[in-house]
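missing the sequence, but the structure's below:
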């Protein structure tokens, strides 16, 4: 048979030579036992000198191979792989010699002996070397050569010789299947209920030939028989008597309850086999993982369980790999958690200075500026908006990967949602001299149930890309709704078409991947994170729909979003987006700002100062609590993350003081860079009325203030204020 040292995992860099050497050592007794058996059987077709000489060569090879296997562990992986492959070739040539001689004899018994030996060799090659092509072929090639040359040696290149070789080589297919689950053979044998003795004999031969352990238990008397390989598997001598020890005593105590449940289910006919992965105690007191499969082959006269036959397969190497994979999975999960924490922290740290850029640029844009100054401020605002969009994309992608992304379904007006998503892009299209049209089919009117925020996000991404990649011509958005048949949801389709640069079919196949752009030149020319389409595709699929694309280079592109949405029966049209609402007259409004960052303090001050708002600024949550005890405020803008006392603690303390004094709650809006959903939930739980995410613009700040003042009339609830 092929040398058993071929236990491999992938390429040479991951070749576990120590495991291979250990398998080689463990398999030595089995190889010698089977070699001796076939040496004796070979007397039927060859003189005794052949059998004796062949066994001498086998023994000599094993004596040489043992020190090689012990020393090869010190070699580099690539060299260890090559040395193991060479040993496989030599060992396989030696072990397949008996099969070659038997086949060359040409007699029926000779062909039977050779075929039996080669079948076992094929099976062992697939089991022990199947995961590494190089080792597998070096192990199996000599056996294949013996199967071809043996019959040819007797019959010559004749049809009969070819048929014999072909029949033997068909064992390759059977061996491949058998190596995955050799119990298929046991099932076929068990079906022959009329010949129990023959079944037991064939089962024993099959199991012994596989090198696995065989056990039989006569349940009424608890008498058991075990094969030599079962004993050697656990480190006992093949001739040691273990009949006085019940088999259950070898099972690890923690594995016994599951084993007993499995056998109980099998005995009442719920399963065809009793299958367990369990630990067996070895002679030295250690435990080895095995796969145990057993079948009840006879019952007692009273109908109770009688004769049980089963096998045990050593799966310690596989279990070791599983434990390594589990450990690697745990490391990966911890790394993913660390990444999510890092992304959340970096979101906060990036949004804080970005808030200063966007806020001050917005305030500056409202002052009297020269055309050149206005252009420069516009560039600052545009660059800051791009940076904020990229940051939001990264956060969304991180939540999608972590499985923490949740959709929020509510009634919304489809017309208003599309307009809100497209308005910003309309201005950018005008700046580039592009036509920008939105067409609504009559069926697109009405209120639907779904996540309007994420729908706007997808449309905004598509429209932004269309404008970005179009130098001249037009961008068109067409909204249509296919009415459902029966109780099915309506199919809402939004098609975004442009006359831009387009892309080829190869690019289209990878366009929805993360960090993908058409090519490096586009990345340099147009910028972007390459996450927008990947996130849009994922969002569409989360909502039960799909996002597809068609394009032709130089002609333009068409993206089609399809979502199944139900109409909200009896719902009135949602109010128009507040994005276009003019800033209200807030003169005389008393606002307390709790913010530790000087830049952010100045940003809010610059935005609110021109409107006659009475603004009080404190540096942390403790100062905010003290301030509300000495003065009354119409609104509190509270940063969430501050030294000393954070915003959540301060909010809870303010709410406590209000309850004790029986005062109505003051509206509290979290003005914070902590913009993720869990942060909004934490703010709501603390008692905040609203949530305004940094970075802010004058518009988003005033909209948040208006919303917080309006929400204060009802139960406190955090509502996102989108910049």
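That came in fine, so what should we check first? Since the model is a prediction, treat every value here as computed from it, not as a measurement.

Look up the closest residue to residue 68, ignoring the ones flanking it.
On the basis of Cβ to Cβ, 6 or more residues apart in numbering, the spatially nearest residue to residue 68 that is not a chain neighbour turns out to be residue 87, at 6.2 Å. Glycine gets a C-beta too; all of them are placed from N, C-alpha and C.

Now name the helix or strand holding that neighbour.
Here residue 87 is covered by helix 77-95, with elements defined by DSSP states H and E.

chain center to that helix: distance?
Averaging C-alpha positions (Cα atoms, centre = their mean, to the nearest Å) puts helix 77-95 36 Å from its chain's average.

One more: stretch 327-338?
Between the centre of stretch 327-338 and the centre of its chain there are 12 Å (Cα atoms, centre = their mean).

looking at this, residue 691 is in a helix?
No - when DSSP: H, G, I helix; E, B strand; the rest coil is applied, residue 691 is found to be strand, with no helix at that position.

Cross-check the contact I'm expecting between the residue nearest to residue 68 and residue 66.
No - Residue 87 is not in contact with residue 66 according to Cβ atoms under 8 Å; the separation is 10.7 Å.

more crowded one of those two?
When neighbours are counted by other Cβ atoms under 10 Å, residue 87 and residue 66 differ, and residue 87 comes out ahead with 24 against 14.

how much space between that one and residue 63?
From residue 87 over to residue 63 the distance is 13 Å, taken as Cβ to Cβ, to the nearest Å.

ranges for the helices of the stretch 401-550 of the chain?
Listed in chain order, the helices found in the stretch 401-550 of the chain under DSSP state H, counting those that start in this stretch are 414-432, 452-468, 505-510, 520-526, 532-542.

Between these, which one is closest to residue 266.
Of all the helices of the stretch 401-550 of the chain, helix 532-542 sits nearest to residue 266, with 43.0 Å by Cβ to Cβ.

And residue 291, which helix or strand is it part of?
Residue 291 is located in strand 287-299, with elements delineated by DSSP H and E.

now that strand: mean pLDDT?
For strand 287-299, the per-residue pLDDT values average out at 89.

re the thing from before, buried deepest among the helices of the stretch 401-550 of the chain, which one?
helix 452-468 (a mean of 23; mean count of other Cβ atoms under 10 Å).

still on that earlier bit, can you add mean pLDDT and distance to residue 637 and give the helices of the stretch 401-550 of the chain back as CSV?
Output for the helices of the stretch 401-550 of the chain, formatted as CSV (pLDDT from 0 to 100; distance: least, Cβ to Cβ, whole Å):
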stretch, mean pLDDT, distance to residue 637
helix 414-432, 81, 25
helix 452-468, 83, 23
helix 505-510, 69, 45
helix 520-526, 44, 37
helix 532-542, 80, 30
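
Throw those into JSON lines and include distance to residue 296, thanks.
Listed next are those as JSON lines, based on distance: least, Cβ to Cβ, whole Å:
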{"stretch": "helix 414-432", "distance to residue 296": "65"}
{"stretch": "helix 452-468", "distance to residue 296": "57"}
{"stretch": "helix 505-510", "distance to residue 296": "55"}
{"stretch": "helix 520-526", "distance to residue 296": "67"}
{"stretch": "helix 532-542", "distance to residue 296": "49"}
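
Can you say which of the ones you listed is nearest to residue 159?
Of all the helices of the stretch 401-550 of the chain, it is helix 505-510 that lies closest to residue 159, at 50.5 Å by Cβ to Cβ.

Distance of residue 77 relative to residue 18?
Separation of residue 77 from residue 18 (Cβ to Cβ): 11 Å.

ditto for residue 168
Distance from residue 168 to residue 18, counting by Cβ to Cβ: 35 Å.

So for the two, which residue has more residues nearby?
residue 168 (26 against 12).

Quick check, the more buried one in contact with residue 149.
No - in this structure, residue 168 sits apart from residue 149 without contact. The criterion is Cβ under 8 Å, and the distance is 11.4 Å.

any idea which helix or strand carries residue 709?
Following DSSP H and E, one finds residue 709 within helix 698-711.

mind listing what's buried in that helix?
Taking 16 or more other Cβ atoms under 10 Å as the neighbour-count basis, helix 698-711 is seen to contain the buried residues 698-709, 711.

re earlier: now the common contact residues for residue 168 and residue 149.
Any residue near both residue 168 and residue 149 by Cβ atoms under 8 Å, 6 or more residues apart in numbering counts here, and not one turns up.

Touching, residue 533 and residue 503? I think so.
No - with contact defined as Cβ under 8 Å, residue 533 does not count as touching residue 503 (11.2 Å).

what sits in contact with each of these two?
Shared contacts of residue 533 and residue 503, defined by Cβ under 8 Å, 6+ apart, are found at residue 511.

I'd like the mean pLDDT over the strand or helix carrying residue 373, please.
Taking DSSP H and E as the definition, residue 373 sits inside helix 371-402. When pLDDT is averaged over helix 371-402, the result is 65.

same question, stretch 107-125
Regarding stretch 107-125, the rounded mean pLDDT is 78.

Just the buried residues of that stretch, please?
Within stretch 107-125, the residues that qualify as buried are 110-111, 113-125, counting by 16+ other Cβ under 10 Å.

likewise stretch 439-448?
Of the residues in stretch 439-448, those with enough neighbours to count as buried (16+ other Cβ under 10 Å) are 440, 444, 447, 448.

same question, stretch 44-63
Neighbour-count burial for stretch 44-63 flags 45, 46, 50, 51, 54, 55, 58, 61, 62 (criterion: 16+ other Cβ under 10 Å).

same deal with stretch 363-380?
Taking 16+ other Cβ under 10 Å as the criterion, stretch 363-380 shows 363, 364, 365, 377, 380 as buried.

likewise stretch 653-670?
Buried, per 16+ other Cβ under 10 Å, within stretch 653-670: 653, 654, 655, 666, 667, 668, 669, 670.

What strand or helix carries the second one?
This points to residue 654. Applying DSSP H and E, one finds residue 654 within helix 647-661.

The helix or strand just after that helix - contacts with which helices or strands?
Past helix 647-661, heading to the C-terminal end, the next element that is a helix or strand (DSSP H and E) is strand 668-672. In this structure, strand 668-672 packs against strand 635-638, helix 647-661, helix 677-686, strand 690-693, helix 698-711, with contacts taken as 3 or more Cβ pairs under 8 Å, 6 or more residues apart in numbering; DSSP states H and E.

and with 7 Å instead?
Secondary structure elements in contact with strand 668-672, counted by 3 or more Cβ pairs under 7 Å, 6 or more residues apart in numbering; DSSP states H and E, are strand 635-638, helix 647-661, strand 690-693, helix 698-711.

To residue 275, which of the ones you listed lies closest?
Proximity to residue 275, assessed across the helices and strands packed on strand 668-672 by Cβ to Cβ, is greatest for helix 647-661 (52.7 Å).

quick one: which of the buried residues of stretch 653-670 is nearest to residue 216?
residue 670 (71.8 Å).

list the contacts for that closest one?
Contacts were defined as Cβ atoms under 7 Å, 6 or more residues apart in numbering; by that measure residue 670 touches 638, 640, 647, 683, 688, 691, 692.

Give me the distance between it and residue 492.
According to Cβ to Cβ, residue 670 and residue 492 sit 33 Å apart.

Now do stretch 95-113: distance from first to last residue.
For stretch 95-113, the separation between the terminal residues is 13 Å (Cα to Cα, to the nearest Å).

now it, how far from the chain's geometric center?
51 Å.

did I read that right, residue 312 in a strand?
Yes - secondary structure of residue 312 (three-state DSSP): part of a strand.

quick thing: my sequence starts at 14, can you match it?
New numbering, starting at 14: the last item is residue 325.

so who does it touch?
225, 226, 228, 243, 246, 303, 304, 305 are the contacts of residue 325 under Cβ under 7 Å, 6+ apart.

Which member of these is positioned nearest residue 440?
The closest of those to residue 440 turns out to be residue 304 (Cβ to Cβ; 67.1 Å).

Now do that closest one: how many residues are near it, please.
Taking other Cβ under 10 Å as the criterion, the count of residues near residue 304 is 18.
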